[in-house]
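Peer 1: whatever this is, show me its structure:
(chains A and B)
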Amino acid sequence: MSLRSFIKSKFAKETSPAEAQDSASEEQTNEWDSLAELAQNPEADTNSPSYQRRLREKGLNSKGNSIFADEHIVNMGMADLEKYLVKEDKVPNWQEQYIFISDEDFEELHASPVVEAGLMTDKKINEETAIRAISNGVFFDKVQKLLDGEIPSVSQMTSREVKTYDGTIDVDTVSVTHSCIDSPAQLMRSLDKLQQDGKLEDLTETEVKRIQIIREATGPEAFRNYCEENPLTDKLDGKDIQLNGNDILAFFDQSDDDFLTALNEKGSVEGVSQAELAKFIEDHSDLFNDKFCLPDRAREHMSEYCRVINHDFINKVMETNEPLLEKTKISPELHSALTEGMPEDATNLDKALFTYIKLCKLLSYDGRYMAGYGEENLGAIHKDISYIEQITPENNRAVCYELTMILGKMLNEYGINFEVSYFDSTGHKLGNGEYGSGHANLRFRCDDMIVGADTVKEVYRSDLTAAKVGAPLSGLKLMTDNEETRARFDESYQKMYDLINQQETEAGNPEAEKQRRISEALNEYAESNGGFEKISLQEKKQTLLNILEQNGLKDLDVSVRLYQLFNSMFSKEYDMQQANISVVRRDIYDDEGENVIDIAVETVLSFNDTSFDANPENTEHFYVTNKSEVLKAESGELQEVFDGEQLTIVSGMHLRPVPNINFPSSVNSRNA
Amino acid sequence: MNNQEIPQIQVELRDKAQNLAKNYDETSNEFKKYNAIAKILNESNCFSYIPMERAYAMLRDLGVEEDKFGEVYGQLV
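Peer 2: Sure, this is the predicted structure:
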C-alpha cells in the first residue's frame, strides 16, 4: 500500500466540516500514535504535501508537535485581550477571532512562502495558513466565521507574545498585525493557486468540501445575492451616492472591446461620472477584491479603469476654510504685478500657475529669518499677518508664511479652493499649526487637479531662486499619477512659464532668456558627446578651495553663491558620506560685545575620502566666511565653537548639519 | 552678447569653438558639438549653472591641457 493510499484510508472520513472540527481533538488523541509510527517508517514520505496536511488536520506541525499553545497561555492571552482590547470596543467578536499558537509554530508559519495568487499586495496569505484553513478544523471554524462576516479576520497570537504583554497594546493595529487571513477572496485565490501548482493533491473529502464552501461564499453568485440585499453607498464631493453592485459588475464584466469603447466614450454606471465611479470602486475595494472573487475580466477592467480615470481629486479641498483669509491684505503694487500680463482667456489652472510663477519671480526669501535671526528681530514681522500688506515688488523679502497666504488670497480671488498646512522641521504635519509655526505651504484644487504649492520647498534651491533664472520649478506638485491629467497640467505650466519669460524678455530683462539658451545648448552638447568623465573627489575639493583662496566669490551673499557652486561641482555621485556643505549662523556683536547687532550666514565644507561615518578621523573641515575667507578647522575646534554657541547650525529643509560634530538639542531648525 | 561681460579666457575659448565648428559639415556630430560649446560660452556666468563634469568635457574638447583644467575652471566660474 502506498503512503498516499494509507493516509487516505486512515483519515479521509466523510464528515461535514462541523463534524470534522468537533472531532479534531478526539482524532488527535486516537490517531497520533499510528501517525507517529508511520513517521518512523523509513519508507514513509513524511515530506509529501498530503502527509503534512494530515499532520495539520491533527493539529500538529511538521515536526509532529502541537500547533496550539498550552491552555494556560490561551487563558492568559484571553485575559490580556479582554483587558486591553475590549474596553476600547475596537475589535468586534475578539473571542472568536484569535487562535493561540505555540512559539515553534510561529517560526514555522513565518518560514512558509507567501502564495502569489492575486493582484493585491497587502493581504497575502502564506502556504501554511492556506493549507490549515482547509485541513485543520479549528482554523476552518474561524474561516467560516470570517465568511459569515462574524469576525473581521482570522488572527493568531503566539505564547511568546502573550507572555510579554505589558499593557501597551496598540488597539488600532493589533488586530491587523496579528491577522493571518483577512480576505476570503484572497484565501480562495491562494487555494486555487496551490491547486494549480500541484500542492493540493490527494485532498480528503472534508478538504474538498471545505474548499467548496469557501468557493461558494466568495463566488459571483454570492456577490449578486449580497448586492441584492445591500445597496452600496458612498459620499463623493458632498453628494450621497447609492449604486447596485450588480450594475457595477455588469459594467466591468463586458468583453475587452466593449469595455474599451465604454472607457473611451466616457462610459460609466448610470448616475455617476467616470471619476466618481473610479473613486466608488476604490472605496469599496474590500468588497470587490477582498470579500468576493469576481470574474478575472471584471477585476482587471476595474483595475484598469481606476488607473486610467483620474479620481485622486474627489473629496479633497472641496472648500476654503482659511481663518486668516480676511486678514490677509495684498498691497495694490504687488497685486498688480502678480496679475500683469495674465491672458484674458486664462483658465483657472492657468491663473493659479501664472500667479505662482510671478510670485516666485517677484519675491525673495528673507535668508536672515531662516538663519535664526528672526526669532527676536524678524519674528515680529514675519509672524504678523498684517505685514503682508507691506510686501511689494520693491520691499520683497518674505518667508513661507507670507508667500503661502499671498498665493492663497489670489487663488481665492479666482474662485479656487485651497488648504494651508504647517509642518515641523522633520516634515511632519503640525495638527494644530498656525500662522508663524514651522513651515507653511498649501494645496489647491482646480477642477480635477489637486496641486501642492511650496515656493520654498528647499530654501537654497527654492522656486524663488529657480524662477528668477528661468530654471524648472520644483515646488508645484500635481497630486496624481494619471498621465492624461499630468499632460494637461504640464501644458498649462509650460504655457504660463514661457509666456512670463517672454514678457520679461520683451520688457528688457534678458536673464530668463539667457537661461533658456544655455539650457538648450547644454542639451545639444550632451547629445553630441559620448559621455562625461568622472572627476575625483580630491580634484574637485582642491579646485573649489583654490577658487575660494585665489579668487574668492564675488557675491554679496557668499553662502548662497558657494551653495550653488558646491551643487554644480559635487553631483550625486558623491553622496552625503564624502562631501558636505553646511550653513551656519554667526552672531555679530556691538563694540561692547554685549548686543547682537547683525548676523553673518557662513558655511562649513566637509570632505572625507571614504566615509564620514566609517572613518570620521579622516574628515576635513573648511570654514568659509561671508568674505570668502577659508579657514581650515579641526573637528575638535568646530565642536568647541558649536558647544559654546558661538556658531549655530542652520538645519532642516535639506540643509544638513556638519558631519562628525555633535550638536546640542537646541540646534536651530527654523524652517520658514 | 557683449564681450566685456565675460572673462577674456571665455571669449578666447568661445572663438576657438566657433573656428573648430567651421572645419566640419553642419550636419556632422562634431559641428553640433563645437557649435553648442560656442553657444554656451557666448553667455556670461554660464559656468554657474552647468555640472563640473560637463565644464571639464568642454575644456577637453577645446584642447585645454588636462593639468590646466582646475586653473581655467576657476577663472571661468
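Peer 1: contacts, neighbours, all on C-alpha from now
Peer 2: OK.
Peer 1: which residues of chain B lie near chain A?
Peer 2: Residues of chain B lying close to chain A (Cα under 8 Å from any Cα of the partner chain) are B:29-30, B:32-34, B:36-37, B:39-40, B:43, B:46, B:48-54, B:57, B:70-71, B:74-75.
Peer 1: now, which of those lie within helices?
Peer 2: In this view, these that belong to helices under DSSP state H are B:29-30, B:32-34, B:36-37, B:39-40, B:52-54, B:57, B:70-71, B:74-75.
Peer 1: among those residues, name the buried ones.
Peer 2: Neighbour-count burial (16 or more other Cα atoms under 10 Å in any protein chain shown) is assigned, among these, to B:29-30, B:32-34, B:36-37, B:39-40, B:52-54, B:57, B:70, B:74.
Peer 1: what is the longest helix of the chain by residue count?
Peer 2: With no chain named, the answer covers chain A. Looking across chain A with DSSP H, the single longest helix is helix A:483-506.
Peer 1: the chain in question should be chain B.
Peer 2: Max-length helix for chain B by DSSP H is helix B:8-22.
Peer 1: got a list of what B:G70 touches?
Peer 2: By Cα atoms under 8 Å, 6 or more residues apart in numbering or on different chains, the residues touching B:G70 are A:T543.
Peer 1: what's the pLDDT at A:F106?
Peer 2: pLDDT, A:F106: 80.
Peer 1: who in the stretch 401-550 of chain A is up against chain B?
Peer 2: Near chain B, when you scan the stretch 401-550 of chain A using Cα under 8 Å from any Cα, you find A:514, A:517-518, A:521-522, A:524-525, A:528-529, A:532-535, A:543-544, A:546-547.
Peer 1: and the residues you listed, which of them are in helices?
Peer 2: Using DSSP H, the subset of those located in helices is A:K514, A:R517, A:I518, A:A521, A:L522, A:E524, A:Y525, A:S528, A:T543, A:L544, A:N546.
Peer 1: save those as JSON lines, and put in distance to A:S331 and neighbour count too.
Peer 2: Converted to JSON lines, those look like this (distance: Cα to Cα, whole Å; neighbours: other Cα atoms under 10 Å in any protein chain shown):
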{"residue": "A:K514", "distance to A:S331": "31", "neighbour count": "19"}
{"residue": "A:R517", "distance to A:S331": "35", "neighbour count": "16"}
{"residue": "A:I518", "distance to A:S331": "35", "neighbour count": "23"}
{"residue": "A:A521", "distance to A:S331": "40", "neighbour count": "21"}
{"residue": "A:L522", "distance to A:S331": "40", "neighbour count": "19"}
{"residue": "A:E524", "distance to A:S331": "44", "neighbour count": "18"}
{"residue": "A:Y525", "distance to A:S331": "45", "neighbour count": "25"}
{"residue": "A:S528", "distance to A:S331": "50", "neighbour count": "17"}
{"residue": "A:T543", "distance to A:S331": "46", "neighbour count": "18"}
{"residue": "A:L544", "distance to A:S331": "43", "neighbour count": "19"}
{"residue": "A:N546", "distance to A:S331": "46", "neighbour count": "16"}
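Peer 1: now the longest helix of chain B and helix B:69-76, what's the angle there?
Peer 2: Helix B:8-22 runs at 110 degrees relative to helix B:69-76, counting by axes from the mean of the first three to the mean of the last three Cα atoms, to 10 degrees.
Peer 1: could you give me the buried positions within helix B:8-22?
Peer 2: Across helix B:8-22, burial judged by 16+ other Cα under 10 Å covers B:Q10, B:V11, B:L13, B:R14, B:K16, B:A17, B:Q18, B:L20, B:A21.
Peer 1: likewise stretch A:311-319?
Peer 2: By neighbour count with 16+ other Cα under 10 Å, stretch A:311-319 contains the buried residues A:H311, A:D312, A:F313, A:I314, A:K316, A:V317, A:M318.
Peer 1: tell me the secondary structure for the nearest residue to A:F566 once chain neighbours are set aside?
Peer 2: Closest residue in space to A:F566, ignoring its immediate chain neighbours: A:I581 at 7.5 Å, by Cα to Cα, 6 or more residues apart in numbering or on different chains. Three-state call for A:I581 (DSSP: H, G, I helix; E, B strand; the rest coil): strand.
Peer 1: tell me who's in contact with A:I581.
Peer 2: Residues in contact with A:I581 (Cα under 8 Å, 6+ apart) are A:Y563, A:F566, A:T603, A:V604, A:L605, A:S606, A:R656, A:V658.
Peer 1: angle of the longest helix of chain B against helix B:29-41?
Peer 2: Angle between the axes of helix B:8-22 and helix B:29-41 is 160 degrees (criterion: the same axes, to 10 degrees).
Peer 1: report the distance from stretch A:637-647 to the chain centre.
Peer 2: Here stretch A:637-647 is found 38 Å from its chain centre; the criterion is Cα atoms, centre = their mean, to the nearest Å.
Peer 1: buried ones in it?
Peer 2: Using 16+ other Cα under 10 Å as the test for burial, stretch A:637-647 gives A:L638, A:Q639, A:F642, A:E645, A:L647.
Peer 1: quick one: average confidence on stretch A:135-154?
Peer 2: Mean pLDDT, taken over the full extent of stretch A:135-154, equals 91.
Peer 1: start to end distance for it?
Peer 2: Stretch A:135-154 has an end-to-end distance of 15 Å (Cα to Cα, to the nearest Å).
Peer 1: before we move on, the earlier item: mind putting the ones in helices among the residues of the stretch 401-550 of chain A next to chain B into a markdown table with distance to A:E201 and pLDDT?
Peer 2: Shown next, in a markdown table, are these (distance: Cα to Cα, whole Å; pLDDT from 0 to 100):
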| residue | distance to A:E201 | pLDDT |
| --- | --- | --- |
| A:K514 | 73 | 76 |
| A:R517 | 70 | 85 |
| A:I518 | 68 | 85 |
| A:A521 | 67 | 90 |
| A:L522 | 64 | 88 |
| A:E524 | 64 | 89 |
| A:Y525 | 64 | 90 |
| A:S528 | 62 | 83 |
| A:T543 | 71 | 90 |
| A:L544 | 70 | 90 |
| A:N546 | 75 | 87 |
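Peer 1: alpha carbons of the worst-scoring helix or strand of chain B on mean pLDDT, as CSV, please.
Peer 2: Lowest by mean pLDDT, DSSP states H and E among the helices and strands of chain B is helix B:69-76, with a mean of 88. Taking Å, rounded to 0.1, in the frame of the first residue of the first chain, the C-alpha atoms of helix B:69-76 are listed here in CSV:
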residue,chain,number,x,y,z
PHE,B,69,41.6,72.4,-16.1
GLY,B,70,41.4,73.5,-12.5
GLU,B,71,43.0,76.8,-13.1
VAL,B,72,40.9,77.6,-16.2
TYR,B,73,37.7,76.4,-14.5
GLY,B,74,38.5,78.7,-11.5
GLN,B,75,38.7,81.7,-13.8
LEU,B,76,35.5,80.7,-15.6
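Peer 1: hang on, the earlier thing: okay, and which of the buried residues of stretch A:637-647 map to strands?
Peer 2: Cross-referencing the buried residues of stretch A:637-647 against strands under DSSP state E gives A:L647.
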